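Student: what would the 3D arrangement of this be:
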Amino acid sequence: MSQARARGDGEGRLITLEGLDGSGKSTVLAGLRERHPAWTFTREPTGSWYGDAVRRSVGSETADPIAELFLFIADHAEHLRTTVRPTLASDGVVVSDRYIDSRVAYQAVTLAELIDEPAGFIWGVHEPFTILPDLTVFLDVDPETAAERAGATNKFEQVAHLRQVRRRYEAIIAGAPERFTRVDAAAAPEAVLTAVETAIDAVVQR
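Tutor: I've put the predicted structure just below:
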């Protein structure tokens, strides 16, 4: 995918947190919110009705993978319109728990038997309208630990699935290493938060 698209007149920063289910993204987001109350904290799926549709699909074992992908994409478009673009235009900082890379890593696995080169297909659908992050923090944890932490409550949280997702993440990172910072999510929570905050501050303050 091309570099981040024009953001209008603003000079804001878009930071995303990525990783397997159970990697600690929500915990990190909560910690950052306490330390930086002026920033905008958000997530995908969003709290909109688009996001509700995504969550219903994720909870279904029989949801069509292609339909599910486009639910995620619709939610992403709404997220850009209501939160990301306005905040960036006003020079704010957006920190999002999951964003485009989650879609590529997770949905490319579910679409692998239906679409040739699913990751490229997913990128291609996003490219005309999305904004790439200034920084993506990858919270790195092994699939077994991730599944145990997440509770394996849905189809995306099973160990076998998470192993495939992790390989997809590694391919994404290899293709855009300048955008990613890897943080050991198996470390103590305070150490993880400090490492994430240090990486974000370096981007926000430049």
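Student: which parts of stretch 187-201 are buried?
Tutor: Val192, Leu193, Ala195, Val196, Glu197, Ala199, Ile200 (16 or more other CB atoms under 10 Å). (Glycine included, C-beta is placed from N, CA and C.)
Student: and which of these is nearest to His126?
Tutor: Ile200 (22.9 Å; CB to CB).
Student: can you give me the pLDDT of the residue nearest to the closest one when sequence neighbours are not counted?
Tutor: Nearest residue to Ile200 in three dimensions, chain neighbours excluded: Ile15, at 5.3 Å (CB to CB, 6 or more residues apart in numbering). For Ile15, the model assigns a pLDDT of 98.
Student: for Ile15, give the beta-bridge partners.
Tutor: Val95, Leu135 (DSSP bridges).
Student: for it, give me its contacts.
Tutor: Val93, Val94, Val95, Ser96, Pro133, Asp134, Leu135, Thr136, Val137, Ile200, Val203, Val204 (CB atoms under 8 Å, 6 or more residues apart in numbering).
Student: burial of the residue nearest to the first one when sequence neighbours are not counted, as a residue count?
Tutor: For Val93, ignoring the flanking residues on the chain, the nearest one in space by CB to CB, 6+ apart is Trp39 at 4.3 Å. Using other CB atoms under 10 Å, Trp39 has 19 neighbouring residues.
Student: rewinding a little: quick one: the contacts of Ile15 as a markdown table, columns for pLDDT and distance to Leu29 too.
Tutor: Shown next, in a markdown table, are these (pLDDT from 0 to 100; distance: CB to CB, whole Å):
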| residue | pLDDT | distance to Leu29 |
| --- | --- | --- |
| Val93 | 97 | 13 |
| Val94 | 98 | 12 |
| Val95 | 98 | 7 |
| Ser96 | 98 | 9 |
| Pro133 | 97 | 14 |
| Asp134 | 96 | 17 |
| Leu135 | 97 | 14 |
| Thr136 | 98 | 14 |
| Val137 | 98 | 11 |
| Ile200 | 97 | 11 |
| Val203 | 95 | 16 |
| Val204 | 93 | 16 |
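Student: the spatially most central residue of the chain - nearest residue in space that isn't next to it in sequence?
Tutor: In the chain, the centroid-proximal residue (CA atoms, centre = their mean) is Arg98; its distance is 2.2 Å. Leaving aside its sequence neighbours, Arg98 sits nearest to Glu44 (CB to CB, 6+ apart; 4.6 Å).
Student: so where's this protein uncertain?
Tutor: Applying pLDDT under 70 to the chain picks out residues 1-10, 150-157.
Student: what ranges do the strands span in it?
Tutor: Using DSSP state E, the strands of the chain run over 13-19, 40-43, 93-97, 135-140, 180-184.
Student: pull out the buried positions in the shortest one.
Tutor: When neighbours are counted by 16+ other CB under 10 Å, the buried residues of strand 40-43 are found to be Thr40, Phe41, Thr42, Arg43.
Student: between those, which is nearest Ala188?
Tutor: Distances from Ala188 to the buried residues of strand 40-43, taken by CB to CB, are shortest for Phe41, at 22.1 Å.
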